[in-house]
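Enquirer: Let's see this in three dimensions:
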Amino acid sequence: MTWFDCVSGVSLAHTHSSDSGVDGKLLTELNLDSNKLPQLTREELQTVPNLTKLEASCNRICELPDDFGELLPLLTDLHIHDNLLTKLPDSVAKLCQLRVLDAHNNRLCVLPENISQCAELRWVLLGGNQLERTCSH
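Expert: Below you'll find the predicted structure:
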């Protein structure tokens, strides 16, 4: 079972879905907010490679897949606030079109060192985390 089967808040904006179901490859925006999701798996994210906007806030997500940035290369907006994330994967830096990163109210203590590679990043919301100025790995 995937989140397509059990979530209550899926936005199908900009899709051409049919009565037979949702073709994840056509999705450009996905709203998974407030569904008590414990995770977003690699297998699930592989089904939606053309997302430009992902909203997965107010869930129970503890971590993102290590290859998150490779799975969603077109992402411009990532809203993952109010979860239980302790880190963001280094692959987030591969999101070269990312403009918005909203990760406030998590448990982040450090950001990926290579986050500066996100040259289009304009809005970064990180309040309510446990970020430290320096962090050893």
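
Enquirer: how close does residue 95 sit to residue 70?
Expert: 9 Å (C-beta to C-beta, to the nearest Å). The C-beta positions use only the backbone N, C-alpha and C, and glycine is treated the same way.

Enquirer: The nearest residue to residue 130 once chain neighbours are set aside in helix, strand or coil?
Expert: Nearest residue to residue 130, sequence neighbours excluded (C-beta to C-beta, 6 or more residues apart in numbering): residue 109, at 4.8 Å. Classification of residue 109 using DSSP: H, G, I helix; E, B strand; the rest coil returns coil.

Enquirer: Quick check: residue 109 touching residue 132?
Expert: Yes. Applying C-beta atoms under 8 Å, one finds residue 109 in contact with residue 132, separated by 5.9 Å.

Enquirer: and the residue most central in space within the chain, what does it touch?
Expert: Centroid check for the chain by C-alpha atoms, centre = their mean gives residue 78 as the closest residue, at 4.9 Å. Contact analysis of residue 78 by C-beta atoms under 8 Å, 6 or more residues apart in numbering lists 54, 92, 95, 98, 100, 101, 102, 103.

Enquirer: so can I have CSV of those residues showing distance to residue 85, secondary structure and pLDDT?
Expert: Formatted as CSV, the contacts of residue 78 follow (distance: C-beta to C-beta, whole Å; DSSP: H, G, I helix; E, B strand; the rest coil; pLDDT from 0 to 100):
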residue, distance to residue 85, secondary structure, pLDDT
54, 14, strand, 98
92, 11, helix, 97
95, 16, coil, 97
98, 16, coil, 98
100, 16, strand, 98
101, 12, strand, 98
102, 12, strand, 98
103, 7, coil, 98
